[in-house]
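Enquirer: return atomic coordinates for the entry below.
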Amino acid sequence: MKRRRKRHPIRKFIFTMLLLALGMAGAVGAFFGVKGYRMYQDAISQTSIKERVEEIRAKENFTVYSEMSDFYVEAVISVEDHRFMSHSGIDPIAVARAAWTDIREMSYVEGGSTITQQIAKNMLFTQEKRIERKVAEVFAAYDMEKNYTKEELFELYVNTANFGSGYEGIYAASMGYFGKLPEEVTDYEAAMLAGVPNAPSMYSPDISRELAARRVVLVLQSMVRHHVITQEEAELIQQQGLSGSGFEE
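Expert: The predicted structure follows:
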């Protein structure tokens, strides 16, 4: 009769701990999933997404997709959410990358939000960093992706984004910073506008022209990385912008 092989105690311990960790992760996920769904339901019970969208569209100087330069659209998508046109509201790759960054830093430093999630945050929720709010954004993002085109979602994003210096929306920012309509800005100015909402208190050209110019470089590099423009085109845009718009570093 063969003797049953005993499982190594260390392996058994590791296996047990792994099961406990998975169970805890599932419980935590379910907990915040329920809280997030309730937050989402509370938000839309007060005012539906459709009503909020109509409120935004009714604002003076609401800028539609065709009233923005193609370069600006490409710059925003490249730097904020380069898979925007293909995902369904959530970008699993970005979420996984952000989760790994947060674990490594032991802090909530990156959220992995898509443009659609950012619209949800701007329209429905506060800016407070809470896990349940991130979950609520997911429910809202899926809802919006089902009912609006990508062009309509992009419009909602840039018309509700904070561009610093008291400017809300692309029209106010374009006119306020450059005295031009959104479709009239140069490629350099478009790249600057695309970069400001990431951190308006830092990248507003009214606050720091040096930081605003550095942010433009990052936006252009993102466009090169995602094959929207070439490195040569990025360098030319930067040179023309710096020499022509007073944003010398």
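Enquirer: drop to CA atoms for contacts and neighbour counts, all remaining ones
Expert: OK.
Enquirer: now for the protein, the helix or strand with the poorest mean pLDDT.
Expert: One helix or strand of the chain scores below all others by mean pLDDT, DSSP states H and E: helix 92-105, with a mean of 57.
Enquirer: list the buried residues of stretch 179-195.
Expert: 180-183, 185-195 (16 or more other CA atoms under 10 Å).
Enquirer: what's the closest of the residues you listed to V76?
Expert: Nearest to V76 among those: A194, at 4.9 Å, using CA to CA.
Enquirer: what about that closest one, distance to I119?
Expert: Distance of A194 to I119, given as CA to CA, to the nearest Å: 15 Å.
Enquirer: again with E60
Expert: Using CA to CA, one obtains 19 Å as the distance from E60 to I119.
Enquirer: you'd agree Y171 is up against E183?
Expert: No. The pair Y171 / E183 is not scored as a contact, 9.6 Å apart, by CA atoms under 8 Å.
Enquirer: so where do the helices sit in the chain?
Expert: Taking DSSP state H to define them, one finds helices in the chain at 9-46, 49-57, 70-80, 92-105, 115-124, 131-147, 150-160, 170-178, 187-195, 200-203, 209-225, 231-244.
Enquirer: show me what the fifth one is packed against.
Expert: Helix 115-124 makes packing contacts with helix 131-147, helix 150-160 when contacts are defined by 3 or more CA pairs under 8 Å, 6 or more residues apart in numbering; DSSP states H and E.
Enquirer: what's next to the last one, contact-wise?
Expert: In other words, helix 150-160. Helix 150-160 has contacts (CA atoms under 8 Å, 6 or more residues apart in numbering) with 53, 56-57, 62-65, 84-85, 115-116, 118-119, 122-123, 144-145, 168-171.
Enquirer: now it and helix 70-80, what's the angle there?
Expert: 80 degrees (axes from the mean of the first three to the mean of the last three CA atoms, to 10 degrees).
Enquirer: what of the first one?
Expert: Angular relation of helix 131-147 and helix 70-80 on a 0 to 180 degree scale: 140 degrees, by the same axes, to 10 degrees.
Enquirer: which residues are in contact with helix 131-147?
Expert: By CA under 8 Å, 6+ apart, the residues outside helix 131-147 that reach it are 32-33, 35-40, 49, 88-90, 116-118, 120-121, 125, 153.
Enquirer: what about the chain, any weak spots by pLDDT?
Expert: Confidence mapping of the chain against pLDDT under 70 gives the ranges 1-9, 11-32, 94-112, 127-129, 244-249.
Enquirer: since that was my last question, I'll sign off now.
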